[in-house]
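Participant: Quick one, what's the 3D model for this:
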Amino acid sequence: MIDIVTGALLFLGGFFLVIAAIGLLKMPDLFMRMSTTTKASVLCVGLVLAGGALFYADLAVTTKVIAVVVFVGLTAPVAAHMIGRAAYQEGVSLWHGTLFDDLQGKYDPETHDPASPEQR
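Facilitator: Next comes the predicted model:
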């Protein structure tokens, strides 16, 4: 029974890895690609490591897996946010189908600091 659940977790992790790869290829701009790959890869890492922890059924392995999953779950979205913010401030173009830009006019283009209400 443990082998079936482990296999299912590994399969689902691989499935989300494929979804991340497809998202990387199919999404139209940098910001959507980062969103897709970050969410799917964090889920992939969590599922694959959970499968490994279940397979080995050892407290030391499970503790390390929990630490890695928490670390990846906390750092990957923050890293994607920082990369997206830097890309936006450097002027990476948005997809032509983007309906609205919440940050437009809210940053000083030279210093990248938040614009004062007078500058908006």
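
Participant: helices or strands up against the lengthiest helix in the chain?
Facilitator: Taking DSSP state H as the criterion, the chain has its longest helix at helix 59-90. Judged by 3 or more C-beta pairs under 8 Å, 6 or more residues apart in numbering; DSSP states H and E, the packing partners of helix 59-90 are helix 30-56. Yep, even glycine has a C-beta here, placed from its N, CA and C like the rest.

Participant: What residues sit buried inside the helix it packs on?
Facilitator: For helix 30-56, the buried set under the neighbour-count rule, 16 or more other C-beta atoms under 10 Å, comprises 30-55.

Participant: before we move on, what about stretch 1-17?
Facilitator: Of the residues in stretch 1-17, those with enough neighbours to count as buried (16+ other C-beta under 10 Å) are 6, 9-10, 12-13, 16-17.

Participant: Repeat that for stretch 55-68.
Facilitator: 55, 62, 65.

Participant: Once you drop chain neighbours, what's closest to the last one?
Facilitator: So that's Val65. Across the structure, with C-beta to C-beta, 6 or more residues apart in numbering as the measure, the residue nearest Val65 apart from its sequence neighbours is Ala53 (4.1 Å).

Participant: pretty sure the one you found is in contact with Leu59, am I right?
Facilitator: No - using C-beta atoms under 8 Å, Ala53 is not in contact with Leu59, being 9.8 Å away.

Participant: Quick one: residues contacting the residue nearest the centre of the chain.
Facilitator: Nearest to the centroid of the C-alpha atoms of the chain, with distances taken as C-alpha atoms, centre = their mean, sits Thr38, at 1.6 Å. Residues in contact with Thr38, defined by C-beta atoms under 8 Å, 6 or more residues apart in numbering, are 76-77, 80.
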